[in-house]
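Student: take a look and give me a structure for this.
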Amino acid sequence: MKNYTKIAVIYGSDSSEWEVSVKSGQFTASQIDGERFDVYEVFARFGQWSVAAYRLKGQERVAFAEGERPVIDKTDFSAVVNGEKVRFDFVYIMQHGTPGENGLMQGYLEMLGIPHSGCNAFVSAITFDKFSCKSYLKDVDYVKCAKDVFLRKGEVVDGLAAKAAEQLGLPMFVKPTDGGSSFGVTKVKTVEDFDKAVDYAFSEGNMLIAEAAVVGRELTCAVYFNGKENVALPVIEIITENEFFDYEAKYQGHSKEVCPAQIPDALRDEIQEVSKKIYSHLGCAGLVRVDYIASEEGLYFLEVNTIPGMTSASLVPQMVRAAGMSMTDFLSTVIENS
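Tutor: Model prediction:
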């Protein structure tokens, strides 16, 4: 058992997902074992990092007023709390989007020698970029990847809309390569809608992919390392009343999540096994979630989430409950084995 005593849960981000990140981080902090650890909540956005709240072993949570939050010293990732300098043993990263999901926060912590949850800086950078991640998986024989077209902001490709439609078919999805929570994503049904979708995707990032739409059931599975082996959690099916699993569907009740998914045992077993293979192939660590479309042609990879949502209603907590575990015990396992 590792001798961690003071854990920082860092949340907030420099992306459109920052509010979701705060909710995920606060829930995660509330579920970390309060008998084993002192837990500090660090809010970080656009370079302003401070301690928002803390909970000492066996005590109640104490929140700071916004103007009174102790500032993080970035030279060693510490803070002076109630007159005492606090050095964190471990950082649980709950920042959706940059800098927590794309490797920047991981690289900073790794340079300081501070252990953290999840994947290392390199793997985080690769998996956060949808095009790069798919490139690592395009030649494997256990999952399919939809056809796509890559575009960098500022590139000019004559007749791109028509070329994309010819190559990918309609409908297609246009999305930023490095976004989350469906920000910047459009389901394009006509060639005339393509340019507007491109502009929307570029409002969230500097690179995008247009991707062929795959018809099928949307399924997701999380994997973690328990100290001995990679373990797949129960599969969830996502059923949405919207065009796709967009922001409203994710966070405003326009979807139904079935956990465990009511799918054939063979498909469940395939998804769990494929998820573990992807986890190993990409070099993941800690907890990740992998999203799929199960179509008549086979299982299609959508994306990897190395910092999946962790509000009380999020997908991973549902999986953990379905597996018969408490969130506190589960998070202790993740902390011990990241």
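
Student: tell me which other helices or strands the helix ranked longest in the chain touches.
Tutor: Across the chain, the helix with the greatest residue count (assigned by DSSP state H) is helix 265-282. In terms of contacts (3 or more Cβ pairs under 8 Å, 6 or more residues apart in numbering; DSSP states H and E), helix 265-282 is packed against helix 121-128, helix 130-137, strand 217-225, strand 230-232, strand 287-295, strand 298-305. Glycine gets a C-beta too; all of them are placed from N, C-alpha and C.

Student: per-residue pLDDT, the residue in the chain sticking out farthest from the centre?
Tutor: Residue farthest from the centre of the chain, counting by Cα atoms, centre = their mean, is Gly83 at 35.1 Å. Here the pLDDT value assigned to Gly83 is 96.

Student: could you measure from it over to Ile209?
Tutor: Gly83 sits at a distance of 51 Å from Ile209 (criterion: Cβ to Cβ, to the nearest Å).

Student: same check on Lys228?
Tutor: 37 Å.

Student: for Phe43, same thing?
Tutor: In terms of Cβ to Cβ, Phe43 sits 32 Å off from Ile209.

Student: for Asn3, same thing?
Tutor: The gap separating Asn3 from Ile209 is 44 Å, by Cβ to Cβ.

Student: Lys228: what secondary structure?
Tutor: coil (DSSP: H, G, I helix; E, B strand; the rest coil).

Student: secondary structure element for Ala197?
Tutor: Under the criterion of DSSP states H and E, Ala197 resides in helix 194-202.

Student: partners of the helix or strand just after that helix, with directions?
Tutor: Downstream of helix 194-202, the next assigned helix or strand under DSSP H and E is strand 207-212. Sheet pairing of strand 207-212 (DSSP bridges) gives strand 148-152 (antiparallel), strand 172-176 (antiparallel).

Student: next, the buried residues of the helix holding Ala197.
Tutor: Buried residues in helix 194-202, counted by 16 or more other Cβ atoms under 10 Å: 194, 197-198, 200-202.

Student: what's the angle between that helix and strand 172-176?
Tutor: For helix 194-202 against strand 172-176, the angle by axes from the mean of the first three to the mean of the last three Cα atoms, to 10 degrees is 30 degrees.

Student: domain map for this structure?
Tutor: 6-116, 126-144+214-337, 147-212 (automatic domain parsing).

Student: now tell me what touches the longest helix of the chain from outside.
Tutor: By Cβ atoms under 8 Å, 6 or more residues apart in numbering, the surrounding residues in contact with helix 265-282 are 123, 126-127, 133, 136-137, 140, 142-143, 219, 221-223, 230-232, 235, 260-261, 284, 288, 290, 292, 294, 299, 301, 304.

Student: so where does Val20 fall, helix or strand?
Tutor: With DSSP H and E as the criterion, Val20 is inside helix 18-31.

Student: dump the strands paired with strand 207-212 into JSON lines; add distance to Ala313, mean neighbour count and mean pLDDT as well.
Tutor: Formatted as JSON lines, these follow (distance: least, Cβ to Cβ, whole Å; neighbours: other Cβ atoms under 10 Å; pLDDT from 0 to 100):
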{"stretch": "strand 148-152", "distance to Ala313": "31", "mean neighbour count": "18", "mean pLDDT": "94"}
{"stretch": "strand 172-176", "distance to Ala313": "24", "mean neighbour count": "24", "mean pLDDT": "94"}
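
Student: closest one to Gly107 among the ones you listed?
Tutor: Distance to Gly107, taken as Cβ to Cβ, is lowest for strand 172-176 among these, at 21.3 Å.

Student: can you tell me the strand partners of the next helix or strand after that closest one and which way each runs?
Tutor: Later in the chain than strand 172-176, the nearest helix or strand by DSSP H and E is strand 186-188. Neighbouring strands of strand 186-188 in its sheet, by DSSP bridges, are strand 172-176 (antiparallel).

Student: so what's the gap between the partner strand and the chain middle?
Tutor: Relative to the chain's own centre, strand 172-176 is displaced by 18 Å; criterion: Cα atoms, centre = their mean, to the nearest Å.
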